[in-house]
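Q: What shape does this take:
(4 chains)
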Protein chains: 4
Amino acid sequence: MVHTSRETHGVMLICFSTATMAQKLVIIDTDAGIDDAQAIMMAVAAPSLQILGITCCFGNTDVDNVCQNVLLVLSVCEHTQIPVFQGAAGPLVGATKAFSDHFGTDGLGDVLEDRDPQWKEKLQREHAVNAMIRLVATNPKQVSLVALGPLTNLALAIRLDPSFQQNLKELVIMGGNMEGKGNVSLCGEFNFVMDPESAFIVLEEYLCPTRIASWEYCCRNKLEWEFFEKLINEDTPAGRFMKMITSKCWGYSKEAMLSKRDVYFGPGFVSYDAYAVAACIDSSVVTESIECAVRVELQGELCRGMMVLDQRNKLNKSHRVSVMKTCDLTKFRQLLMASLKQPCRK
Amino acid sequence: MVHTSRETHGVMLICFSTATMAQKLVIIDTDAGIDDAQAIMMAVAAPSLQILGITCCFGNTDVDNVCQNVLLVLSVCEHTQIPVFQGAAGPLVGATKAFSDHFGTDGLGDVLEDRDPQWKEKLQREHAVNAMIRLVATNPKQVSLVALGPLTNLALAIRLDPSFQQNLKELVIMGGNMEGKGNVSLCGEFNFVMDPESAFIVLEEYLCPTRIASWEYCCRNKLEWEFFEKLINEDTPAGRFMKMITSKCWGYSKEAMLSKRDVYFGPGFVSYDAYAVAACIDSSVVTESIECAVRVELQGELCRGMMVLDQRNKLNKSHRVSVMKTCDLTKFRQLLMASLKQPCRK
Amino acid sequence: MVHTSRETHGVMLICFSTATMAQKLVIIDTDAGIDDAQAIMMAVAAPSLQILGITCCFGNTDVDNVCQNVLLVLSVCEHTQIPVFQGAAGPLVGATKAFSDHFGTDGLGDVLEDRDPQWKEKLQREHAVNAMIRLVATNPKQVSLVALGPLTNLALAIRLDPSFQQNLKELVIMGGNMEGKGNVSLCGEFNFVMDPESAFIVLEEYLCPTRIASWEYCCRNKLEWEFFEKLINEDTPAGRFMKMITSKCWGYSKEAMLSKRDVYFGPGFVSYDAYAVAACIDSSVVTESIECAVRVELQGELCRGMMVLDQRNKLNKSHRVSVMKTCDLTKFRQLLMASLKQPCRK
Amino acid sequence: MVHTSRETHGVMLICFSTATMAQKLVIIDTDAGIDDAQAIMMAVAAPSLQILGITCCFGNTDVDNVCQNVLLVLSVCEHTQIPVFQGAAGPLVGATKAFSDHFGTDGLGDVLEDRDPQWKEKLQREHAVNAMIRLVATNPKQVSLVALGPLTNLALAIRLDPSFQQNLKELVIMGGNMEGKGNVSLCGEFNFVMDPESAFIVLEEYLCPTRIASWEYCCRNKLEWEFFEKLINEDTPAGRFMKMITSKCWGYSKEAMLSKRDVYFGPGFVSYDAYAVAACIDSSVVTESIECAVRVELQGELCRGMMVLDQRNKLNKSHRVSVMKTCDLTKFRQLLMASLKQPCRK
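A: Numbering: from 1, shown residues only, chains lettered A, B, ... in the order given. Have a look, this model is predicted:
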C-alpha cells in the first residue's frame, strides 16, 4: 500500500509500507565511506528490499569508524532497527595499507564533530562473519549479499562455512576493473587492491549468481554536477546529511575534480557503491552486461589486485559472472533522488 | 594425589587425578595424522595438562577424516569428554594441495575398517575458530595453544578476533624449517607449505610467547627403531592401537625408511607432533633454543612456505620466537612411553 | 627520380631510384613470421628507407627458421644485398615457450618445400647484437630500429653497450597491449609474453624516441577481407609468394577467423608487423597517439608480459613513449599494396 | 724447471717458468674487490695456470672501478701482459642495487690515491662477453672459467652463443649459499643476489663440469687472524699492496669483525674468491663436496637469489654440480702465502 507520493525535483517518490509486498532479503557489507552512505540510504529507502543486517569491513577508513558511520547513517534515516555487525579490521593476508583519504580520514568527509560515545553498545555482539553465515543459513537461497568494500568478510565467511555461498541467492559487488587501468594503483581498483586475496577467493569460490559493478562501469556512467547539486540540496534529514558530508570532500567537489582532469572518463561525479545497490533494487538499471569468467591477479607490482575478464575462455572456468556494462541513468537518478527523501518509513 | 605408579619398560608411569594439581590449560589444533594421534595421546596422558578442546584442520587428510581420527583416538584413550571442533577444510588462499599420503589416505595408516557412522554427532556444533576464540577469551592469558597442522585455524582466529593472540599464554608449533631444506617441497616443511599464508600470518601477528619445533629439530632428534619396537608393543589399548595404525605406514616402517636413505638426517623414526606436545608438557625437554625473529616466504617456486630465521636481525622485527634446537631424548622417550599406557584416567 | 608509375587495383604505385632522395637508415629486428614477411616487403619497397641490416630473433618460429625466412623474402624481393644476422635463440631469462603456430611451424604457413641448403652461408657471421651495436655506432642518431618480434636482441644490445640506445634515432615496436587483454595469454601480447624481461628492459632503458604499435592498435585497424583478396592476387613475385604462404594459414583465412569470432575486435585480417613498418616509413599513417610512460608487468600468472600505460603518471617516469591509437587506413592500404609490387629496385 | 725456492713464514714458495709444464687455461671473471685482488694474485702466481684474460663485471664496485682495480693488481704483480676486458655494468634484469661497501666504495678499501688516468687505453677494446666467447671457441674444452662476481657476463655469453658452455672445460664459481642463510640479504649471498637471473641461467644452462665455492664453504673454512697478520706483513710488492688495501677495510679488520660477532660462523677472516681460485689451481684443496643439482630462487622478498641444493632430486635435473664442503686449510694457506710473493715471474 502506497503511503506517500510526492513530486520532487521531477522525481516521483513513492514509499511503501513494509507489509505490502514480497521483499528481497539483503545483507550489505560495507566500508562506509560517503558513497557507501549514499548506497545504504538508497537501500533502506527501497520498498522492495528488506535489510537483514549491515556488516562492516575496514576500507575507506578503519573498521571502528565504519561501524560508527553506518550507525549514524541508519540514525539519520531512522532505520536503527537494522542490526549492524563489526567485521574484518584488515585484509586477509599482509599488512593493512594506508586507508584512502578519498572520503576523508573518517570516511565521511571529516566534517562530523560529535561521535556517539555509546556506539559500541549499538553494535551487535556477533561477529559480522558469523552473522552473515547465520542469516544466510536461516534464509537459504533467499539472501542477496551486496558487497561495497574489500571482500574480506566474504572470504572469511566461506572459510568458516564452505557451503555459505551455495545458500546465497545472489552476490552483487562494487569493485574490480575491466580494462587494465585502475584508480588506487596503476592497474587496480580500490576495493580489490585493499585485499586482493579476498577478491580472488570470492571470484573463484562464490558460485552463486554474481554481478559486478566495476570501476569502469561506475566511471562510464558518471552523473552531471548539476544533478549532484539538486541531490544534495534536497531539504530532508538525509539530504542535509549528504550535503554536510560532501561539503569538504574533494571526491565530491566539482572544482577539485575538474582541475584534476580525469584522463579516462571525463567530468562528473561517481557514487560508486550506489551502482551496486541500484542493480540489486532493480536489475533493469543495468541495460547491458558481459557474461564471462573473471579472475583476480595476485602478483606483480603493477597488476596485483587487477580483475581480469576471460571473454575468450582461456581459463576454462565454468562459473561465469555478469560484469555490468551500461546503465539506465534515468532510473539510477531516480533511485539516488529517492534515497535522500529520508526518513521514509517503509 | 598419585593413583597409580607402574614400572614399565624401564619408564616410570605416574597417573594423577585431575584434582590434585594446577594444570596447564591446553587447546590442541591438529590435522591428525599418526604423529598427531601419538601427540594427542601424549597430551591426554600428561597429568599436568587439561585439554580444553581439540580443534581440527585439514592437512594429513581431509578435515572430515581428521575429526573422525581425533574422536577415535580420544575413544581409545577413554577421554571422550574432551570436546572436538571441526575447523578449516583448506588453506586460507588458493586451492587445497593434494593431501600427503605420508600417513595413508585416511591419515591413520589406512588400516581402520569400521568408521563410526555417528561421528558428526560427537563433534561440537561450534566452529573450531569460534571455539578457540571463546575458550581463550574465557581463560585469558592461561591457555597454551599447541598447533600440530597447517595454521589455518589460527590465522582465521586472529582475523575474526585480532585480540585473540594477546590473550594466549603461549603458542607451541610443530612446523617450519630452519636451514632452507624441506620435506614436502625443496625448501619447505609440510605444515607450512600446506598453507603458507596462514603460517606467515601466525608468525607475524601472534605476539605471545612462541616456541617452534621445526622439521630439522624433529629430524635431528630422531629415535632408534629399537625404541619404536618397544613403544608399539606396549600391551595397552593405546599401544595396540598405535601398533595397528603404524603397521602399514611407510613413515613408520624401518625397512622403507632405510631403503629410502635420508640424505640429511640418517636413520630413525620421527614422531613430529609429539615433539611440540612434549615441549608443552615439560619445557625442559628442550635443552637448547635459538631466540630470533622468523618469517615465512610467500613467493617462489622453490621457497614458498619456507621459514626463515633472522638471527642477524635484518628484518628489524621486535617479536622473537624460540626455535627449538636440541632435545633431552631421555625425557622425550619417557613421555612417548607414558602416552601408550592409556587409558589412564587423570 | 620516378622510374615507374602504375595504377593497380586503385592504388598508385611509385618506385624511386635509391639515389634520388635522403633515405632513413633502418635496422629491422624480426622473428619472421608471415606478417614480418609482409612488413619486410613493405620496408624494402619503400623508397625512403635504406635497410642497413635485418637481425633475426626467435619468436614465431625458431631462430634458424627465422633466418631462412628472411633470406627467402629478400630473395623473392631481389634485395639479397641486405645483410642478415642471426640473433637470440630464446628469451633473456627462463625457458623458451612453445613457438606460436599462428603462422605455422616454420613461421611462413608451412607451405614451402625446398629450403635453401646453403642458407647458413648467406648469413653474416657477426652476431645480430654485435651488428646492431656496430651499425648504430657507425651512424649515431641516424638509425631507426624497427622491432617486430620479442625484444631479446634489443635487451642484449643494451647490456653489451649501455650507450646503444642513446645513439638511436628512434625505436618503433610492434608489441604490447593497452587494455589488459591479450592474444597469447589472458592479458599479454605475443611478442612481449615471449620475453617479458626483454620487453621490460627496452621500455625502461631505451630513452630514444619510441613509438609502439600495440596489439589493440593493430586489431582496431583491421582491414577488410575484400582488400586481402586483392592484395594476395597481385600478380608479381611478391604477390604470388604472399598468396602461397597465406594459403594454408588460419591466421589469414577469412573462414577460420569468422568461425572463431573475435569477441573484442570483430572481423578482418591483421598484418601486425606491417603497422610498425608503415609508421616508420610515413609517420602520418598514425593519426592519433597517446603520449605516456609505459611499463611491463613481470609477475603474475595472468599479467606477466602485459604492457601498462601510465596515463596518470603514477610511476613518475620521465621517459614517455608514443602509443599509436588510430591509423590512416587509406595510406596503410597503399603501403601494403606497394609492398607486393616486388621486385621493384629502388 | 724450478727457478726459486724460498722458505718464508714456514711456507715453501716455488716459482716455475711458464715453459716447464702443461698449464691450465683460465679466464677469470671478476668484480674486484679486495678478495678478488687476492684471488687474482693467487692465480697469476700459480705456475700451473695460464690466464687467457680477465673479464670485468660490476659487483663490489662499478665496472669502471673493477677494470682499474684489475689493471692495478696486474701491475703490482707485473703481469700486465694479461688482457683485461670490460663487461657488464649492471644485472641482466632490473635496476643495479647499491654496490656493497664491504670492500669500500672503490672495491679496494678506499685507500688508493692516484688512479691511472690512462686506464681505459690499457683495456682491450673487445667486450668481455665477446672475448669470453672467442677465447673459448679458440680453445674448445680447454678453458677453465673462474667466476668471482655476479654471473652477468656468463649469462650474456650463453645468450649470444648457446654453445659457449659446451666448449668449456669447467666452471668454478664463488657464489651462492647452501643453508637458507645469507650475507647481503636474509637468505642470499652477495654475488647471486646482485644478479639472480644470471645466477639462475648459469646454473640451469651451463652443463659443463661445475664446482661451487658457496658462502658457507668460505665461512666455514675461515682462517685465523694470526695468519692474516703474517700474510699482509709479507715484504713484497704484493704483500705491501695487500696490507695497504686491507688497512682501512672493516671486512679485513679483526676488531670490527670481532665486535660484530658472526652468529653463524665465529671469528676469522674470509678471502671468499680465493677459495674458488684455489680449487681451480689444485682440486685437492677441496676435500669433500656434495654432488647434486642446484637451482636459484628468483622470487620472494626473503629468498630471491638463494641457491637451493636438490639433494633428494626433487627437481629431476640431470645436470649435477659439485658444491664444495670441506677445505684443506694447510694447502689453502700455502696458496695464499704464495700469492703474496709477487712479482714472481712464472
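
Q: what's A:Pro343 in contact with, if anything?
A: Contacts for A:Pro343 (CB atoms under 8 Å, 6 or more residues apart in numbering or on different chains) come out as A:76-79, A:236-238. (Each C-beta comes from the backbone N, C-alpha and C, glycine too.)

Q: Give me the buried entries from those.
A: A:76-77, A:79, A:236-238 (16 or more other CB atoms under 10 Å in any protein chain shown).

Q: Give me the subset of those lying in helices.
A: A:76, A:237-238 (DSSP state H).

Q: Any chance of TSV for these, columns distance to D:Ala22 and pLDDT?
A: Below are these laid out as TSV (distance: CB to CB, whole Å; pLDDT from 0 to 100):
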residue	distance to D:Ala22	pLDDT
A:Val76	94	95
A:Pro237	98	95
A:Ala238	95	95
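
Q: And the residue of chain A found nearest chain C, its phi and psi?
A: Taking CB to the nearest CB, chain C has its nearest neighbour within chain A at A:Gly180, 2.1 Å off. Dihedral pair for A:Gly180: phi 70, psi 10, per degrees, to the nearest 10.

Q: Would you check that it makes contact with C:Glu179?
A: Yes. Contact criterion CB atoms under 8 Å: A:Gly180 and C:Glu179 qualify, at 5.3 Å.

Q: which regions of the stretch 51-200 of chain A sit below the pLDDT cut-off?
A: Within the stretch 51-200 of chain A, the ranges that satisfy pLDDT under 70 run A:96, A:98.

Q: can we see that at 90?
A: Screening the stretch 51-200 of chain A residue by residue with the criterion pLDDT under 90, one finds the ranges A:94-107, A:109-116.

Q: quick one: the helices in it?
A: A:63-76, A:119-122, A:128-138, A:152-160, A:190-193, A:196-205 (DSSP state H, counting those that start in this stretch).

Q: Show me which residues of the stretch 1-150 of chain A sit near chain B.
A: A:88-90, A:92-93, A:127, A:129-130 (CB under 8 Å from any CB of the partner chain).

Q: out of these, which one sits closest to C:Val308?
A: Closest approach between the residues of the stretch 1-150 of chain A next to chain B and C:Val308, by CB to CB: A:Val93, at 23.6 Å.

Q: what about A:Gly180 and C:Glu179, which has more around it?
A: A:Gly180 (27 against 17; other CB atoms under 10 Å in any protein chain shown).

Q: who's in contact with the closest residue to the more buried one other than its chain neighbours?
A: In this structure, A:Gly180 finds its nearest non-sequential neighbour in C:Gly180, 2.1 Å apart by CB to CB, 6 or more residues apart in numbering or on different chains. Shown in contact with C:Gly180 (CB under 8 Å, 6+ apart): A:177-181, A:187, A:306, A:308, C:187, C:303, C:306.

Q: For the residue in the stretch 1-150 of chain A that chain B sits nearest to, the count of nearby residues, please.
A: In the stretch 1-150 of chain A, the residue that lies nearest chain B is A:Val93 (4.7 Å; CB to the nearest CB). Neighbour count of A:Val93, defined by other CB under 10 Å: 23.

Q: again with the one 4 residues further on
A: The local packing of A:Lys97 (other CB under 10 Å) involves 16 other residues.

Q: Quick one: the strands in the stretch 151-300 of chain A, in order.
A: A:168-174, A:210-213, A:286-296 (DSSP state E, counting those that start in this stretch).

Q: which stretch among these comes nearest chain B?
A: Checking those against chain B by CB to the nearest CB gives strand A:286-296 as the closest, at 10.9 Å.

Q: Pairing partners for the closest one, with directions?
A: Paired neighbours of strand A:286-296 in the sheet (DSSP bridges): strand A:307-310 (antiparallel), strand A:321-327 (antiparallel).

Q: mind checking which of the ones you listed is nearest C:Phe265?
A: Nearest to C:Phe265, of the strands paired with strand A:286-296 and by CB to CB, is strand A:307-310 at 14.8 Å.

Q: and the closest one, what's its mean pLDDT?
A: The average pLDDT within strand A:307-310 is 97.

Q: got the contact list for that strand?
A: Here strand A:307-310 has contacts from A:175-178, A:189, A:192, A:199, A:203, A:212, A:214, A:290, A:292-297, A:317, A:323, C:180-181, C:186-187, C:302-303, using CB under 8 Å, 6+ apart.

Q: Just confirm A:Lys331 contacts A:Tyr275, I think it does.
A: No. In this structure A:Lys331 lies outside contact range of A:Tyr275 using CB under 8 Å: 11.4 Å.

Q: Quick one: residues contacting the residue of the stretch 201-346 of chain A found nearest chain D.
A: Per CB to the nearest CB, A:Gln299 is where the stretch 201-346 of chain A lies closest to chain D, at 8.8 Å. Contacts for A:Gln299 were tallied using CB under 8 Å, 6+ apart; they are B:299, C:299-301, C:303.

Q: And the pLDDT at it?
A: 95.

Q: and if you look at A:Ala256?
A: The model's pLDDT for A:Ala256 equals 80.

Q: My guess is it contacts A:Lys248. True?
A: No. Using CB under 8 Å, A:Ala256 makes no contact with A:Lys248, being 10.3 Å away.

Q: returning to that earlier point: and the contacts of A:Pro343, which two are the farthest apart?
A: Pairwise over these, using CB to CB, the maximum falls at A:His79 and A:Thr236, 14.0 Å.

Q: Leaving out chain neighbours, which residue sits closest to A:Asp106?
A: A:Asn65 (5.1 Å).

Q: That neighbour: neighbour count?
A: Quick note: A:Asn65 (other CB under 10 Å) scores 24 neighbours.

Q: for A:Arg261, same thing?
A: By the criterion of other CB under 10 Å, A:Arg261 has 9 neighbours.

Q: that older thread, would you write a ChimeraX line that selects the buried entries of the contacts of strand A:307-310?
A: Only the buried members of the contacts of strand A:307-310 end up in this ChimeraX selection, burial being decided by 16+ other CB under 10 Å:
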select /A:175,176,177,178,189,192,199,203,212,214,290,292,293,294,295,296,297,323 /C:180,181,186,187,302,303
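
Q: now the strands for the stretch 1-150 of chain A?
A: A:2-8, A:11-16, A:24-30, A:49-56, A:84-86, A:143-147.

Q: and the residue nearest to A:Gly180, how far is that from A:Pro196?
A: 15 Å (CB to CB, to the nearest Å).

Q: which residue is nearest the middle of chain A?
A: A:Leu148 (2.9 Å; CA atoms, centre = their mean).

Q: which parts of the stretch 201-346 of chain A sit against chain C?
A: Checking the stretch 201-346 of chain A against chain C by CB under 8 Å from any CB, the hits are A:263-264, A:295, A:297-304, A:306, A:308-312, A:314-315.

Q: Keep the contacts of A:Pro343, but drop any that are not near chain D.
A: Applying CB under 8 Å from any CB to the contacts of A:Pro343, none is adjacent to chain D.

Q: Nearest to A:Asp106 among the residues you listed?
A: Nearest to A:Asp106 among the contacts of A:Pro343, with distances taken as CB to CB, is A:Val76, at 15.4 Å.

Q: Can you tell me how far that closest one is from A:Gln342?
A: From A:Val76 to A:Gln342 the distance is 7 Å (CB to CB).

Q: Quickly list what's touching both of these two.
A: In contact with both A:Val76 and A:Gln342: A:237-238, using CB under 8 Å, 6+ apart.

Q: Pull up the per-residue confidence for A:Leu13.
A: 43.

Q: actually A:Cys292, not the one I typed
A: 97.

Q: which residues sit in contact with it?
A: A:309-311, A:313, A:320-321, A:323.

Q: Could you give the bridge partners of it?
A: Per DSSP bridges, the residues bridged to A:Cys292 are A:Val321.
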